[in-house]
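**Student:** Turn this into a structure:
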Amino acid sequence: MKAIWRGTILAESDETRVVEGNHYFPSESVRQQHFKASDKHTVCPWKGTASYHTIVVEGAENRDAAWYYPETKAEAKHIEGYVAFWRGVEVIP
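**Tutor:** Take a look at the predicted model:
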């Protein structure tokens, strides 16, 4: 699977994990040069507290378009530290 925004590959892996229709990419598959930490956090009752990243490609920003759970609840341990995308980021085979 590949996560792409504005023609740039943000993450690529054969080891994604699908939860609620979202592909979660292992952290080592993410191209960190395109990520900027965000202060946004949300809470999922069964996964835990999510942290976000703003994606940056050639000066363009996609605010809070990637999220991950640095520490999950027991039911979601299989995606702890994995990164998922939204807000126009394409996830394709």
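**Student:** Do a quick rundown of the strands in the protein.
**Tutor:** Assigned by DSSP state E, the strands in the chain fall at 2-5, 8-12, 17-19, 22-24, 35-44, 48-57, 60-68, 83-85, 90-92.
**Student:** Now do the buried residues in stretch 69-88.
**Tutor:** Buried positions in stretch 69-88, judged by neighbour count with 16 or more other Cβ atoms under 10 Å: Tyr69, Thr72, Ala76, Ile79, Glu80, Tyr82, Val83, Ala84, Phe85. Placement of C-beta: from N, CA and C, glycine included.
**Student:** Can you tell me what sits against that stretch?
**Tutor:** With contact meaning Cβ atoms under 8 Å, 6 or more residues apart in numbering, stretch 69-88 is reached by 3, 5, 10-11, 16-17, 19, 22-27, 30, 44, 46-51, 53, 62-68, 91.
**Student:** gap between the two ends of it?
**Tutor:** 20 Å (Cα to Cα, to the nearest Å).
**Student:** next one: it to chain centre, how far?
**Tutor:** The chain centroid and the centroid of stretch 69-88 are separated by 8 Å, computed with Cα atoms, centre = their mean, to the nearest Å.
**Student:** same check, this time on stretch 65-81
**Tutor:** 10 Å.
**Student:** for stretch 19-39, same thing?
**Tutor:** For stretch 19-39, the distance to the chain centre is 3 Å (Cα atoms, centre = their mean).
**Student:** And the contacts of that stretch?
**Tutor:** 1, 3, 8-13, 15-18, 47, 51-57, 61, 63-64, 66, 68, 76, 79, 81-86, 91.
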